[in-house]
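**Student:** Take this sequence and fold it.
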Amino acid sequence: MTIHAKTENDGELLWFNGSLATIRVSGQAGADTISVIEHLMPYGSSPPLHIHRNEDEVFHILEGVVRFNVGGKDLYGRAGQTMLAPKGIPHSYRVESAEGARCLTITTRGDFERMVREVSIPAPRAEIPPQEAPTAEVIAMLTEACARNGIDIIGAPLN
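**Tutor:** Next up, the predicted model:
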């Protein structure tokens, strides 16, 4: 039996879409390709409305308040709560707490993790990157990377 214990400073640090993403468990580590990515996100952070074609997306909120829109319905997740965005259902989220939020994103099959790695840059330090409005080039790069990895962007981020 192999146990993968992660401490607070373990994991690959990436700047991803205005957040700090820490790969806590890579899908390559086990036969079931379970991926656990911790996200530290600023207030207002929201990905475009999207659909995962091949994998459910589970969010476990560690800190803060996050508004999810799943299948057109708004749900609020708070520290200690777990939310599910089933594959094939449009979803997005928005960080609503002024201090930001921290959550775990759990997926299988590797699509989401591959996309995160593809569009991220190594984080030089364990903090949220400087905030910038995404350029048309960055949006196109994200859209293309998502499409290659089983994720369809179908709308704008949440307001």
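
**Student:** Looks to me like Met141 is in a helix.
**Tutor:** Yes - applying DSSP: H, G, I helix; E, B strand; the rest coil, one finds Met141 inside a helix.

**Student:** Walking through this protein, point out its helices one by one.
**Tutor:** Taking DSSP state H as the criterion, the chain contains helices spanning 111-119, 136-148.

**Student:** Need the contact partners of the longest one.
**Tutor:** This points to helix 136-148. With contact meaning Cβ atoms under 8 Å, 6 or more residues apart in numbering, helix 136-148 is reached by Asn17, Pro48, His50, Met115, Glu118, Val119, Pro134, Asp152, Ile153. Any C-beta I mention is one placed from the backbone N, CA and C, and that applies to glycine too.

**Student:** mind checking the backbone torsions on the residue nearest to the first one when sequence neighbours are not counted?
**Tutor:** Distances taken as Cβ to Cβ, 6 or more residues apart in numbering place Pro47 nearest to Asn17, at 6.3 Å, with adjacent residues excluded. Phi and psi for Pro47, reported as degrees, to the nearest 10, are phi -80, psi 160.

**Student:** I'd say Pro47 and Arg94 touch.
**Tutor:** No - counting by Cβ atoms under 8 Å, Pro47 does not reach Arg94; the two are 9.1 Å apart.

**Student:** Quickly list what's touching both of those two.
**Tutor:** Pro157.
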